[in-house]
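Colleague: My questions are about this predicted structure, shown below with the sequence.
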Amino acid sequence: MRDYRRLDPSFSLCGLCCCLCPIHRMEGGCPGCGGGAGHQGCAIIRCALDHGAPESCALCPDFPCPRLEEAARFDSFVPHREQLAHLRRQAAEPEAFRAGLAEKSRLLTALLEEYNDGRRKSFFCTAVNLLPAGDTAAVLAQLDGSLPLKARSAQAVRLLTGAAEARGLSLKLNRKPKH
């Protein structure tokens, strides 16, 4: 599986938005599935190869499968709760989905470059993953870039949290309980 490649490693085989992941955005971080070294031992990649190597799990004849439904229950570095919805949107409207993902990536870059005080990367990645792009853009438009970095960062967190609460969303990652 070392040579497994995908056309677009910014969006994972299983429906995660790799381009919005804090690990993917690190220098030398995860390249996304099929982007080279990285999650080459992933069970979903093995499953896809067994099912004809579709570019997305949504294109598999067994979609949605119990493996994906279980994976969507808990988060890792990025939220998994929208995984199945991402796959459905990507399969139904691939160009619109990719354009939306590119917009979210652009918004995340703006937050990280101007408002990250060194402690907010994961929070911003989660917020951009879960909020509609329009909500994130509205928050960016409200932010005061003249404040000191810590104050800008706190203001961004406050406004993004408020936007999420208005939609009934939690910006906390749902971790699998340890037994």
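Modeller: Thanks, I have it.
Colleague: From now on I want contacts and neighbour counts done on CA atoms only, so please keep to that.
Modeller: Noted.
Colleague: Gln83 is in contact with Phe74, correct?
Modeller: No - counting by C-alpha atoms under 8 Å, Phe74 stays clear of Gln83, with 10.5 Å between them.
Colleague: So for those two, which sits in the more crowded spot?
Modeller: Set Phe74 next to Gln83 and count neighbours by other C-alpha atoms under 10 Å: Gln83 wins out with 19 against 16.
Colleague: So what's the predicted local confidence for that one?
Modeller: With respect to pLDDT, Gln83 has a value of 91.
Colleague: In contact with the residue nearest to it when sequence neighbours are not counted, which residues?
Modeller: Among residues not flanking Gln83 along the chain, Gly15 sits closest, at 4.6 Å (C-alpha to C-alpha, 6 or more residues apart in numbering). Applying C-alpha atoms under 8 Å, 6 or more residues apart in numbering, one finds that Gly15 lies in contact with 56-57, 82-84, 86-87.
Colleague: can you check Arg175 too?
Modeller: 74-76.
Colleague: any low-confidence regions in this protein?
Modeller: Within the chain, the segments meeting pLDDT under 70 span 1-3, 34-41.
Colleague: Can you give the distance from the longest helix belonging to it to the centre of its chain?
Modeller: Using DSSP state H to define each element, the chain has its longest helix at helix 94-115. Mean C-alpha position of helix 94-115 versus that of the full chain (C-alpha atoms, centre = their mean, to the nearest Å) differs by 10 Å.
Colleague: Which two among the contacts of Gly15 are spaced furthest apart?
Modeller: Ser56 and Glu82 (14.8 Å; C-alpha to C-alpha).
Colleague: of the two, who's got more company?
Modeller: Comparing Ser56 with Glu82 by other C-alpha under 10 Å, the one with more neighbours is Ser56, at 19 against 16.
Colleague: The nearest residue to that one once chain neighbours are set aside: neighbour count?
Modeller: The shortest distance from Ser56 to any non-neighbouring residue, by C-alpha to C-alpha, 6+ apart, is to Leu13 (4.6 Å). Look at Leu13: counted by other C-alpha under 10 Å, it has 25 neighbours.
Colleague: circling back to that earlier point, and the residue nearest to Gln83, what element?
Modeller: Per DSSP states H and E, Gly15 falls between elements, in no helix or strand.
Colleague: Distance check, it against Ile23.
Modeller: 16 Å (C-alpha to C-alpha, to the nearest Å).
Colleague: Just the buried positions in whichever helix or strand Leu160 is part of, please.
Modeller: Using DSSP H and E, Leu160 maps to helix 149-166. Neighbour-count burial for helix 149-166, counted by 16 or more other C-alpha atoms under 10 Å, picks out 152-153, 155-157, 159-161, 163-164.
Colleague: Noted, bye for now.
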